[in-house]
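>>> Using only what follows, build the 3D model:
(one chain, ligands or ions: 1)
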Amino acid sequence: MRILLVEDDSALRDTLSQALRLASYGVDPVSDGRAADNALAAGVYDLVVLDLGLPYLDGIKVLRHLRGRQDRTPVLVLTARDGINERVQGLKTGADDYLTKPFALPELEARIEALLRRAAGGQVRLTHGPLEFDLDGHVISINGKPADFSVREMMVLEVLMQRTGQVVIKTRLAQKISNWDDEIGVNTIEVYIHRLRKKLEPWGIRIRTIHGLGYLLEPYAGV
Ligand code: CA
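Residues are numbered from 1 along each chain as shown. Reported below is the predicted structural model:
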């Protein structure tokens, strides 16, 4: 999941970037309205966190341009404490939600999750640091670039990603794959885990072996 973060206050921008990355989102931070406008024209974002008071082009204009292109990307507007007028204007212009500064980071993350879920109409994309898994299209990308995974590797990875930070029993993985091909046994899972590790570890994505039990996809902590 890729988020465009538009905020001209550099301290806040850094804090938010860091928090969102820790929450496994891909984040592109920009500091003014013109840069935001340009970035959004490419149409690659899943969500925009948009401050309204910005240099060069204010947030309302950025939003108006976005909606003018019939682009429905969810927008979460950040407003000043006393900015009731700009909040109303933001919602009228097509913002999906707003947060009043100062806000708690978990609140921001919860709003973002809700908007993304709403936009997706359910869970169709999994994300883990730079890794994105489009369950609908069966496409995996790393840092926005399509990556090559076999169908079986994808099936194992999907189960692990659905339960990040939790142990997945080896037999459960085998069962999951056996639905697709009855010849797959428990030992073969090790082969797929090995291949997944080779592809994912260079990106700081780690699958831990829990001896005698199964595997665990470690929460993403960066490279
Ligand atoms: Ca501002």
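>>> What segments of the chain are helices?
Secondary structure of the chain (DSSP state H): helices located at 10-22, 33-41, 59-68, 84-93, 105-120, 151-162, 170-178, 186-200.
>>> The first one near the ion at all?
Put plainly, it is helix 10-22. No - judged by CB under 5 Å from the ion, helix 10-22 stays clear of the ion, getting no closer than 8.4 Å. For the C-beta atoms, the positions are set from N, CA and C on the backbone; glycine is no exception.
>>> how about that helix: buried residues?
By neighbour count on 16 or more other CB atoms under 10 Å, the buried set for helix 10-22 is 13, 16-17, 20-21.
>>> mind giving me JSON lines with those and columns for pLDDT and distance to Asp46?
Output for the buried residues of helix 10-22, formatted as JSON lines (pLDDT from 0 to 100; distance: CB to CB, whole Å):
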{"residue": "Arg13", "pLDDT": "96", "distance to Asp46": "19"}
{"residue": "Leu16", "pLDDT": "95", "distance to Asp46": "16"}
{"residue": "Ser17", "pLDDT": "94", "distance to Asp46": "16"}
{"residue": "Leu20", "pLDDT": "91", "distance to Asp46": "12"}
{"residue": "Arg21", "pLDDT": "88", "distance to Asp46": "14"}
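>>> The ion: which of those is nearest?
The ion lies nearest to Arg13 out of those, by CB to the ion, at 9.7 Å.
>>> show me the contacts for that closest one.
Contact partners of Arg13, counting by CB atoms under 8 Å, 6 or more residues apart in numbering, are 5, 7, 29, 31.
>>> Neighbours of the last one, how many?
Put plainly, it is Ser31. 18 (other CB atoms under 10 Å).
>>> again with the third one
Pro29 sits with 19 neighbouring residues when counted by other CB under 10 Å.
>>> dump the residue contacts of it.
5-7, 13-14, 16-17 are the contacts of Pro29 under CB under 8 Å, 6+ apart.
>>> from those, which two are the most distant?
Val6 and Asp14 (13.7 Å; CB to CB).
>>> show me what contacts whichever residue of the chain sits closest to the ion?
Residue nearest to the ion within the chain: Gly53 (3.7 Å; CB to the ion). By CB under 8 Å, 6+ apart, the contact set of Gly53 is 8, 59, 80, 86.
>>> quick one: which of the residues you listed has the most company?
Ranked by neighbours (other CB under 10 Å), the contacts of Gly53 are led by Gly59, which has 27 neighbours.
>>> Chain neighbours aside, what residue packs nearest to it?
Excluding the flanking residues, the one nearest Gly59 by CB to CB, 6 or more residues apart in numbering is Leu52, at 3.6 Å.
>>> who's in contact with that neighbour?
For Leu52, the contact set (CB under 8 Å, 6+ apart) comprises 58-60, 77-80, 83, 86, 90.
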